[in-house]
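Peer 1: I'd like to go over a predicted model; first the sequence, then the structure.
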Amino acid sequence: MISQDTETPASLDDVKGWFPKVDQLLFTWFLERQERREQHGDLVELGSYLGKSAILMGRHLREGETFTVCDLFDSDAPDDSNQAEMNGSYATLTRRAFESNYRAFHERLPEIVQGPTSLILDHVEPETSRFVHVDASHLYEHVRGDIQAAHVMLPSGGVIVCDDYRSEHTPGVSAAVWEAVAVDGLRPICVTTQKLYGTWGDSGAVQDELLEWLQGQDDVWHEVQQVAGRPLIRAKGKAKAAAKPNDAAKLKKRLAEAEKRLARADDRLARAQHELDSVRNSASFRLGRAATALPRVLRGK
């Protein structure tokens with residue numbers, strides 16, 4: 001179990017979890033786009049771990065909307081396979097830790113459904129959501145059900161985000177996601193290393209706006225590929241060449257320490273030189289030097 005004595009997170013970076021910067025930027029862009037277009041609807045997250053992505057999503061919750069989070073937390077999994085996955089990957093997961101992290105950034109908690117994600121349609125009405133993040137089980141059967149539930153909850157213009165759609169340890173997620181694309185009409189908008197963003201509505205209009213925004217982002221690389229006759233944007237965070245402020249401070253500290261060590265070495269060298277000069281100027285040293293300078297023939301007698 002996670003210790004509850006950990007410090008309260010001061011920023012999103014302090015919250016444990018897998019939520020790369022490029023996905024934080026894309027979540028924000030998609031949610032702000034919906035706000036600009038006055039697209040109303042609820043937010044849903046299936047699988048929350050310790051709340052990192054939920055905290056960001058909660059920033060975009062508007063008056064009259066509901067944010068629903070569904071996770072097993074401390075509950076038992078619905079079947080042996082899912083329980084084995086929980087024991088192996090999320091043994092430290094607790095609802096209390098999630099709530100503590102979320103309250104560090106928001107006054108009010110989201111609606112929490114503690115249980116398997118198969119329960120979500122008992123709590124969220126059809127076509128009432130605008131953004132659904134699927135990040136729960138990695139098992140094909142469960143992910144397939146989560147994506148089908150998202151299809152029910154989202155209207156045609158809503159956005160679904162699927163985590164771990166390509167990781168080597170999550171082939172079940174890949175199978176479920178691409179099945180939804182090939183069979184169920186899901187249209188991918190863009191992909192990152194970790195997540196796929198899609199819609200059952202018009203993906204082209206969203207892609208046009210997204211490409212325009214990406215052109216102005218210095219820290220995000222992107223390209224457009226053709227997949228099954230449709231464009232698909234690929235985005236990836238760029239490695240920053242510039243040192244971070246804390247890195248610069250560390251470098252300055254190391255430089256100052258090196259300068260101190262060099263000054264101490266110079267001082268020791270000066271003292272040694274002084275001692276050597278004192279010896280050379282002594283009468284005994286001069287006498288000994290004169291003796292050793294006698295001609296070899298005399299020293300051999």
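Peer 2: Arrived safely. As the structure is a computational prediction, the values presented were derived from the model and not from experiment.

Peer 1: buried stuff in stretch 49-65?
Peer 2: When burial is assessed from 16 or more other CB atoms under 10 Å, stretch 49-65 yields the following buried residues: 49, 50, 51, 52, 53, 54, 55, 56, 57, 58, 60, 61. Quick note: C-beta positions are derived from backbone N, CA and C, even for glycine.

Peer 1: out of these, the closest to residue 30 would be?
Peer 2: Nearest to residue 30 among these: residue 60, at 9.2 Å, using CB to CB.

Peer 1: shouldn't that closest one be within a helix?
Peer 2: No - assessed with DSSP: H, G, I helix; E, B strand; the rest coil, residue 60 is coil; it does not lie in a helix.

Peer 1: ok now do it, which residues does it touch?
Peer 2: Counting by CB atoms under 8 Å, 6 or more residues apart in numbering, residue 60 makes contact with 28, 31, 32, 34, 35, 43.

Peer 1: per-residue confidence for it?
Peer 2: Here, the pLDDT recorded for residue 60 equals 98.

Peer 1: quick check, residue 12 in contact with residue 57.
Peer 2: No - using CB atoms under 8 Å, residue 12 is not in contact with residue 57, being 11.5 Å away.

Peer 1: got the domain ranges for the protein?
Peer 2: 12-237, 245-299 (automatic domain parsing).

Peer 1: now, of those, which is deepest in the fold?
Peer 2: The highest mean neighbour count among these, using mean count of other CB atoms under 10 Å, belongs to domain 12-237: a mean of 18.

Peer 1: centre of the chain to it, how far?
Peer 2: In terms of CA atoms, centre = their mean, to the nearest Å, the centre of domain 12-237 is set 14 Å apart from its chain centre.

Peer 1: measure that domain end to end?
Peer 2: Terminal residues of domain 12-237 are spaced 17 Å apart (CA to CA, to the nearest Å).

Peer 1: measure the closest residue to residue 224 other than its chain neighbours to residue 116 for me?
Peer 2: Closest residue to residue 224 apart from its sequence neighbours, by CB to CB, 6 or more residues apart in numbering: residue 231 at 5.2 Å. With distances taken as CB to CB, to the nearest Å, residue 231 is found 36 Å from residue 116.

Peer 1: and residue 135, by the same measure?
Peer 2: In this view, residue 135 and residue 116 are 14 Å apart by CB to CB.

Peer 1: ok, now residue 45?
Peer 2: From residue 45 over to residue 116 the distance is 14 Å, taken as CB to CB.

Peer 1: many thanks, I have nothing further to ask.
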